[in-house]
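Participant: Below: sequence and its predicted model.
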Protein chains: 2
Amino acid sequence: LEQKNNQAILRAIEQSHPAELGRLIEALPNKYRGDFWRVIPVAFKGEILLSVHRELRQLLIKKTSEADLLVSLSTLQMDELADIDADLPLTVVGAMVEAMDSQRKQRYRTVASFPDNTAGGLMDVDATAVRKDVSLKAVYRYLCKLRKKEGMLPEQLDQLVVVDRENKVQGTLYLSDLVSMDNSLSVADVMKNNVPLIHSLQSAKEVAQIFEDHDLISAPVVDKNNCLLGRITVDDVIDVLQQNSEQTLLASGGLNKELDMFAPIAHISVNRAIWLGVNLITAFVAAWVIGFFESSIEQLVALAVLMPVVASMGGVTGSQTLTVVTRGIARDLVSSANIVSLTIHELKVSFINGLLWASVVFFITILWYGDWKLGSVFALALFVVSLTGTLSGALIPIILKKLGVDPAIAGGVILTTITDAVGFLIFLGTATYLLI
Amino acid sequence: LEQKNNQAILRAIEQSHPAELGRLIEALPNKYRGDFWRVIPVAFKGEILLSVHRELRQLLIKKTSEADLLVSLSTLQMDELADIDADLPLTVVGAMVEAMDSQRKQRYRTVASFPDNTAGGLMDVDATAVRKDVSLKAVYRYLCKLRKKEGMLPEQLDQLVVVDRENKVQGTLYLSDLVSMDNSLSVADVMKNNVPLIHSLQSAKEVAQIFEDHDLISAPVVDKNNCLLGRITVDDVIDVLQQNSEQTLLASGGLNKELDMFAPIAHISVNRAIWLGVNLITAFVAAWVIGFFESSIEQLVALAVLMPVVASMGGVTGSQTLTVVTRGIARDLVSSANIVSLTIHELKVSFINGLLWASVVFFITILWYGDWKLGSVFALALFVVSLTGTLSGALIPIILKKLGVDPAIAGGVILTTITDAVGFLIFLGTATYLLI
């Protein structure tokens, strides 16, 4: 493919957006990535490195000369640099900081000093600030001057931050107000003071919620004295939301952080082995429960045939509740204030479905084995395990949350362990007591 | 709670953002929702109705008088109205359209004519357009006039659309360029023509990808002749992204569209019963496979003890691959171009993990049962079912996608059916052939 029509490919690359090229590299098997990376213009490489996932980024950085890295990184913003600097060779980071003027150096150090998942780590330090008492005309003059000096205004600029002499935030001046109001008015006349301030230590998740609730494009970030530090723009927030939803999705398969599909096989294998090992232990817990009833199974082998059905239905019922509660916790809809109401609500649902499917399996068992006693025991076990699953599904995520563990990662495996063990215990136990 | 300090609650409500109140109502059990809804100011109700999920919205609309509805809906934008009009009583929609002037009526009909999940359905019709040949000064005058006439400029306005006499889009004029360039320049001098145009029939998902790739705040929507129809703003895109990620999460539990935690029990029960029924069928498929080996189990009851371990490990191995491939398809990273490479990559991983865990269970079986033959059969079955799971996990989502079925919904249950049936068949079959 690469050899066939190199010219056409090069032209296509130059007309693509870096983010699209980033996705293309993610979709490429490892052996093609090096060749592809080599033909991409250096000017695009900075943004591509930013857009791909960490493991792939480290691989691509290894394939790039330090000189090329320095050129490609010069197109990035401060907050973007601070996001990826941990993956860069130390010499490159040093040379990069060296090349900055003292103001930029200071700014870079400010952003780099905050953890990536806080407002301070997300913010860019290019907030444009004006004073309250100047006229709109003076603001225009200032912006024209700024543009001449810097070559351009910051991206995604929808508002200027209004600060006082001590750099404390007073409000914001929307560009749309600036362009549609009389020149002679002062900033104080036109500014809005209902824009929520973001504190530098707020979590990225809280920031995303504020942006969503208020439909913001950008917001000023302040320190604990309300002094302006920088601003967060909506593109950073979209990245946070996308990362969170990807992580939740992957976590459901126990695939924490496995974002590069074509990562080295050894990496992927180790990453997955942990989860498989955990699952093996829980599977053996279930096997151990069954082991207690070997003699019952020998006498009534139908038990062995039907027991996976009980465990499976308990698991699915429980995971339905688990999904609802985990989502509720992630969206701050579920807390200790309403978990009791929610658990009761869920139990009512599984009471109805438990009764329904217990009746169904009762009749199936009679048709299959012609044994109404076996049918009754099977139906009873299925009903009880449904309620057990629901109760576990509601309480596990709340308890994990209290313990500081992400319910999206550990919830499913704990739930399955409980529903399997309880399912086998109830079904085989009741059968041993009543039928054998 | 409600009675205790009504005054304080009312004050808290008035200081909250409608989206926060929307989340609060979602978190409230049904019996409190009516009382809470009654004390919310009418001016907030429009935005709250917009922010909550459909089922809850319909409930709240039922609890609101038509007069109140009309007042509360007057705060919404055209695209927002078009999103919820299907849930409103016909008389309210009629009165709402009646109250619009003819221009607004026309605009509303334009938006309402597109499906919700297309660019046309997402767009707002408040795009502000200017001509290429006028000076920036004239643009200022136009914006001041527009503001006086409409009371305000459109929200999230970061750029004006530049059109020709036939309303064809020529480019866009960023407000940040407008405010920082010389007044006497013309729009043509300052406008950018690299903003991607959105076509009215593009899917919401494509629109979100374009916004993400290009870090857009707003973009013009055009018809097939490139004539300006409206614009999409980033807040709509964030809503699309959030809805998609919620649906994926819920789909993993078979909970399509179940977004209101406190929806009526009958609704939830029916919604979940379908998934439980599907699962019961697949569980009985597995039981039916086991049924063929009843006499083997009678002779060697350890088979019944160990068989759930085989099925469980096959299921988990497969679901790891399924998650990776499903995510890849959702992000357009996986297609027929690279599915073969990816499947081989995944098979290598599961070959390694299959060998590892097969060895582990081999030794566990020897320790537990002191039977190396049983251990060998168990290990072989676990190894084969790992590869089967991986192969199924890679191919099922691609096949479902080709059939037009969402892999996130149906993938898991099909995978489990296969790994359970194959797992039991291989383990019990090999054991019957070799051990009994």
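Facilitator: The structure has been received and is ready for your questions.
Participant: if I look at residue A:112, how far off is residue A:121?
Facilitator: Separation of residue A:112 from residue A:121 (Cβ to Cβ, to the nearest Å): 9 Å. Every residue, glycine included, has its C-beta placed from N, CA and C.
Participant: and if you look at residue A:146?
Facilitator: Note on residue A:146: its distance to residue A:121, by Cβ to Cβ, is 26 Å.
Participant: These two: which is more packed in?
Facilitator: residue A:121 (20 against 15; other Cβ atoms under 10 Å in any protein chain shown).
Participant: Apart from its chain neighbours, what residue comes closest to the more buried one?
Facilitator: In this structure, residue A:121 finds its nearest non-sequential neighbour in residue A:114, 4.3 Å apart by Cβ to Cβ, 6 or more residues apart in numbering or on different chains.
Participant: wait, isn't the one you found in contact with residue A:120?
Facilitator: Yes - between residue A:114 and residue A:120 there is a contact under Cβ atoms under 8 Å: 2.8 Å.
Participant: Those two: which has the busier surroundings?
Facilitator: For residue A:114 versus residue A:120, the count of surrounding residues by other Cβ under 10 Å is larger for residue A:120: 25 against 20.
Participant: right, and the more buried one touches residue A:204 too?
Facilitator: No - with contact defined as Cβ under 8 Å, residue A:120 does not count as touching residue A:204 (10.1 Å).
Participant: what about residue A:403, neighbour count?
Facilitator: 9.
Participant: Which pLDDT does the model give it?
Facilitator: pLDDT for residue A:403: 93.
Participant: I'd like the distance from it to chain B, if you could.
Facilitator: Distance, residue A:403 to chain B, by Cβ to the nearest Cβ, to the nearest Å: 22 Å.
Participant: How about the backbone phi and psi for that residue?
Facilitator: phi -80, psi 0 (degrees, to the nearest 10).
Participant: what sits against it?
Facilitator: Under the criterion of Cβ atoms under 8 Å, 6 or more residues apart in numbering or on different chains, residue A:403 has no contact partners.
Participant: Return the distance of it relative to residue A:173.
Facilitator: In this view, residue A:403 and residue A:173 are 46 Å apart by Cβ to Cβ.
Participant: just to revisit the earlier point, between residue A:112 and residue A:121, what contacts are shared?
Facilitator: By Cβ under 8 Å, 6+ apart, residue A:112 and residue A:121 have these common neighbours: residue A:82.
Participant: What is the burial count for the closest residue to chain B within the stretch 301-436 of chain A?
Facilitator: Relative to chain B, the nearest point of the stretch 301-436 of chain A is residue A:323 (3.3 Å; Cβ to the nearest Cβ). The tally of other residues near residue A:323 (other Cβ under 10 Å) stands at 24.
Participant: So it is in contact with residue B:248, correct?
Facilitator: No - using Cβ under 8 Å, residue A:323 makes no contact with residue B:248, being 11.0 Å away.
Participant: now the helices: where do they sit in the stretch 51-200 of chain A?
Facilitator: If DSSP state H, counting those that start in this stretch is used as the criterion, the helices of the stretch 51-200 of chain A fall at A:54-62, A:66-73, A:78-84, A:90-99, A:102-112, A:119-122, A:136-150, A:175-178, A:187-190.
Participant: Would you mind giving those as CSV with mean pLDDT added?
Facilitator: As requested, the helices of the stretch 51-200 of chain A are exported to CSV (pLDDT from 0 to 100):
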stretch, mean pLDDT
helix A:54-62, 90
helix A:66-73, 89
helix A:78-84, 82
helix A:90-99, 85
helix A:102-112, 81
helix A:119-122, 91
helix A:136-150, 91
helix A:175-178, 93
helix A:187-190, 94
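Participant: Columns distance to residue A:353 on top of these, output as a markdown table?
Facilitator: Below are the helices of the stretch 51-200 of chain A laid out as a markdown table (distance: least, Cβ to Cβ, whole Å):
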| stretch | distance to residue A:353 |
| --- | --- |
| helix A:54-62 | 42 |
| helix A:66-73 | 56 |
| helix A:78-84 | 46 |
| helix A:90-99 | 57 |
| helix A:102-112 | 52 |
| helix A:119-122 | 43 |
| helix A:136-150 | 63 |
| helix A:175-178 | 53 |
| helix A:187-190 | 59 |
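Participant: Give me whichever of those helices is most buried.
Facilitator: Highest mean neighbour count among those (mean count of other Cβ atoms under 10 Å in any protein chain shown): helix A:119-122, with a mean of 25.
Participant: Tell me which other helices or strands that helix touches.
Facilitator: helix A:78-84, helix A:102-112, helix A:204-214, strand A:228-233, helix A:234-251 (3 or more Cβ pairs under 8 Å, 6 or more residues apart in numbering or on different chains; DSSP states H and E).
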